[in-house]
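Visitor: Mind folding the following:
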Amino acid sequence: MIDIKRIRTEPELVKENIRKKFKEDKLYLVDEAAELDIRLREAITEADGLRSRRNTISKQIGALIGQGKKEEAQQVKKEVAEIGPKLSGLEKLEEELSAQLKERMMQIPNIIDESVPLGKDDSENVEVKRYGQAVVPDFEIPYHVDIMEDLAGIDLESARKISGNGFYFLVGEVARLHSAVLSYARDFMIDKGFTYCIPPFMIRSSVVSGVMSFAEMENMMYKIEGEDLYLIGTSEHSMIGKFIDNILKPEDLPHAMTSYSPCFRKEVGAHGIEERGVYRIHQFEKQEMIVVCQPEDSPAWFEKLWGYTVECFRSLDIPVRALECCSGDLADLKVKSIDVEAWSPRQQKYFEVGSCSNLGDAQARRLGIRIKGDKGNYFAHTLNNTVVAPPRMLIAFLENNLLPSGSVKIPTPLRPYMGGAEVIERKR
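Guide: Numbers count the residues shown, from 1 in each chain. Below is the predicted model of the structure:
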């Protein structure tokens, strides 16, 4: 959510930002927000005037009674009685206008960074750099489910019977590999100075609306029936919500955390759920990075965060590239975003395994996350980034570490988490 002052003083800048995101259908929101803001401020001013008048009259009544002028006091009391209903009406109007204004403001996209490339959708995202050599081996790379089945490591049929499409059983050494990757990523981030957290896996609607847009919520979140609780789609939701309505001390910043959680997503939209595969699913686990910092520090943190993901993947012998999201591919709250994509030797192309985002003060403004300042409190900046998100990350791992025999080599950094094993042997 942007600052209302932008609407008051720079409405054309806000509209131009909407055009850059190719969301012309939202232009009307700026004018509606401006009109509602004027009406709200007028109602507040009028109500404040009535309160002031009521206080003045109340003092007059006391003085008149003290002087024995009871009849005059009764006349003045009538004026106080007339103020009451007017004030009640204005207070109700304030509440209505405030709710309408907030509804519009929550839909107006955040101001994107000047460096963001312009483009309508993800087909116009811009490659930043490649890391590692993208190799196509001289033997066939099977589909990732076939690799897992050869390792006796996945059971989709049983999961389909008990839960439907979009779920899976991981078994044996593949299940252990899944946990090993998460544990390695956790320790990788702890070594970078991040604090490890395990957050709640359900959050209230007030937090959901603070961390994401209405459209994202509708397409992603599972609602717990009969309760004001949603299953999280990523631990970022809980971790940013942790600071709701807090006034942070400057000396305590930045808060740099790495969090583990299961993630639950409807995956509503064009992509849909895979019947056979674990790339797009309803349930997965993820190691995340979250930073809450001073506004001037967020650009530097943004560069650090996506760089950590690149470093983590490269340490496991997985070639990756960084891809900057264009304006039309940015979610409404984001200022700037970079996707990290891993190389798929089977498909001979890169695919997304993580996303790093700077949200500026959008989430902090919605959730009331402020920093104590000498000249008044101000909003913090928030950032998030994926470290690893298996089983999607496992697809890249298995394809890039597959041996001609069908077994899978384990890179040196991961071996302590796999009981010292150097290879996962093919079973089938």
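Visitor: what's next to stretch 8-18, contact-wise?
Guide: 2, 6-7, 24, 26-27, 30-31, 34, 37, 108-109, 111-112 (Cβ atoms under 8 Å, 6 or more residues apart in numbering). All C-beta atoms are positioned from the backbone trio N, CA, C, and that covers glycine.
Visitor: Now restrict the residues you listed to buried residues only.
Guide: Among the contacts of stretch 8-18, those classed as buried by neighbour count (16 or more other Cβ atoms under 10 Å) are I2, R6, I7, K26, V30, A34, D37, I108, P109, I111, I112.
Visitor: Throw those into CSV and include distance to M220, thanks.
Guide: Below are the buried ones among the contacts of stretch 8-18 laid out as CSV (distance: Cβ to Cβ, whole Å):
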residue, distance to M220
I2, 22
R6, 27
I7, 28
K26, 20
V30, 26
A34, 31
D37, 30
I108, 20
P109, 18
I111, 24
I112, 22
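Visitor: Between all of those, which two are separated the most?
Guide: Distance extremes for the buried ones among the contacts of stretch 8-18: the farthest pair is D37 and I112 at 22.5 Å, using Cβ to Cβ.
Visitor: hey, which helix is longest across the chain?
Guide: helix 27-66 (DSSP state H).
Visitor: got the angle for the following helix or strand past it vs helix 27-66?
Guide: Using DSSP states H and E, the next helix or strand after helix 27-66 towards the C-terminus is helix 70-105. Going by axes from the mean of the first three to the mean of the last three Cα atoms, to 10 degrees, helix 70-105 is angled at 160 degrees with respect to helix 27-66.
Visitor: And M418, how far from P390?
Guide: Per Cβ to Cβ, to the nearest Å, M418 is found 14 Å from P390.
Visitor: Which one's more surrounded, those two?
Guide: P390 (24 against 19; other Cβ atoms under 10 Å).
Visitor: pLDDT weak spots in the protein?
Guide: 268-275 (pLDDT under 70).
Visitor: Max pairwise distance over the contacts of stretch 8-18: which two?
Guide: Farthest pair in the contacts of stretch 8-18, by Cβ to Cβ: D37 and I112, 22.5 Å.
Visitor: quick one, strands of the stretch 251-400 of the chain?
Guide: Applying DSSP state E, counting those that start in this stretch to the stretch 251-400 of the chain gives strands spanning 255-264, 283-293, 320-324, 336-344, 349-358, 370-371, 378-379, 381-388.
Visitor: Please name the residues that touch the closest residue to S58 other than its chain neighbours.
Guide: Using Cβ to Cβ, 6 or more residues apart in numbering and skipping residues adjacent in sequence, the residue nearest S58 is V80, 6.7 Å away. V80 sits next to R54, I57, S58, I61 when contact means Cβ under 8 Å, 6+ apart.
Visitor: just Q133 next, same as before
Guide: Here Q133 is in contact with P319 (Cβ under 8 Å, 6+ apart).
Visitor: give me that answer again for 10 Å
Guide: By Cβ atoms under 10 Å, 6 or more residues apart in numbering, the residues touching Q133 are P319, W343.
Visitor: Kindly indicate whether it is helix, strand or coil.
Guide: The three-state label given to Q133 by DSSP: H, G, I helix; E, B strand; the rest coil is coil.
Visitor: separation between it and N400?
Guide: 11 Å.
Visitor: Overlap of the contact sets of these two?
Guide: P319, W343.
Visitor: quick revisit: deepest of the strands of the stretch 251-400 of the chain, which one?
Guide: strand 381-388 (a mean of 27; mean count of other Cβ atoms under 10 Å).
Visitor: any idea how far that strand is from the chain center?
Guide: Its chain's C-alpha centre and that of strand 381-388 lie 8 Å apart, by Cα atoms, centre = their mean, to the nearest Å.
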